[in-house]
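> kindly return the folded structure for what I paste below:
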Amino acid sequence: MSEHHRPEAFARLRRLPLVGRAADWGLGPRAVSKHTLAAGARVAGLDATASVCPYCAVGCSQLVYTRGGELVDIEGNPRSPINQGTLCPKGSASRQLIQQPGRLTKVLYRRPGGTEWEELDLETAMDMIAERVIAAREAGWQETDEAGRRVDRTMGFFSLGGATIDNEENYLIKKSFTAMGAVQIENQARI
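Coordinates of the predicted model:
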């Protein structure tokens, strides 16, 4: 409650040096040191973008702070009804996903029987994955089951999704694997 809503006698008491501090009970402008006031807000002048934590399926909201397009900080969004500004230890450390110096930024591949990793460009790696999916689909294709019923499916691969992806991505993965004939589609959140 501000001073002008209180009785005038109380406002006069608050202006007294010792009594005023006791009347505030550690609240209001007297609770902040001059040094703290001079320091200002840690995120002052930064651009804030609302985002979602990439780890589990809870969907905690984060505020991503940037300066000139450069990531400065990530913290919980206090306006979120889900996490109300709090983050778990993994969510609190999500800035490291981008800025951790040991983060892999290239595709590493070790050939069958190989002992060394080699770097591949993304296009080559994606082509290799597509070729292997097609080969596994063809090798494990079943037109009929043991009883002679038409099934048109593959047992050559499966999908095990994670809880770190959102519902839309899970939906697309389910549809894609089903379209390729896979029947073994699971998510670790259900296991």
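> after the lowest-mean-pLDDT helix or strand in the chain comes which helix or strand?
The weakest-scoring helix or strand in the chain, judged by mean pLDDT, DSSP states H and E, is helix 17-24 (a mean of 64). Once the chain leaves helix 17-24, the next helix or strand it forms, by DSSP states H and E, is helix 34-39.
> for this protein, which segments count as helices?
Along the chain, the segments classed as helices by DSSP state H run 8-15, 17-24, 34-39, 89-92, 96-99, 122-139, 167-179.
> run a quick neighbour tally on residue 73.
By the criterion of other CB atoms under 10 Å, residue 73 has 14 neighbours. Placement of C-beta: from N, CA and C, glycine included.
> same question, residue 94
Here the number of neighbours of residue 94 (other CB under 10 Å) works out to 19.
> also residue 179?
Residues contacting residue 179 under the criterion other CB under 10 Å number 8.
> dump the residue contacts of it.
Residues counted as contacts of residue 179 (CB atoms under 8 Å, 6 or more residues apart in numbering): none.
> in this structure residue 85 contacts residue 91, no?
No. Between residue 85 and residue 91 there is no contact under CB atoms under 8 Å: 11.2 Å.
> what sits in contact with each of the two?
Counting by CB under 8 Å, 6+ apart, the common neighbours of residue 85 and residue 91 are residue 76.
> those two: which is more packed in?
residue 91 (21 against 14).
> correct me if wrong: the more buried one contacts residue 53.
Yes. Between residue 91 and residue 53 there is a contact under CB under 8 Å: 4.2 Å.
> overlap in contacts of the two?
Both residue 91 and residue 53 are contacted by 60, 62, under the criterion CB under 8 Å, 6+ apart.
> just the CA trace of stretch 111-128, in CSV.
C-alpha atoms of stretch 111-128 as CSV (Å, rounded to 0.1, in the frame of the first residue of the first chain):
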residue,chain,number,x,y,z
ARG,A,111,32.2,-46.5,-40.1
PRO,A,112,31.3,-50.2,-39.3
GLY,A,113,34.4,-51.8,-37.9
GLY,A,114,36.2,-48.4,-37.8
THR,A,115,38.1,-47.1,-34.8
GLU,A,116,38.1,-43.4,-35.7
TRP,A,117,35.4,-40.7,-36.0
GLU,A,118,35.2,-38.7,-39.2
GLU,A,119,33.3,-35.5,-39.8
LEU,A,120,30.5,-35.5,-42.3
ASP,A,121,28.5,-32.6,-43.7
LEU,A,122,24.9,-32.7,-42.8
GLU,A,123,23.6,-33.4,-46.3
THR,A,124,25.8,-36.5,-46.6
ALA,A,125,24.7,-37.7,-43.1
MET,A,126,21.0,-37.2,-43.9
ASP,A,127,21.4,-39.1,-47.3
MET,A,128,23.0,-42.0,-45.4
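> okay then, goodbye and thanks.
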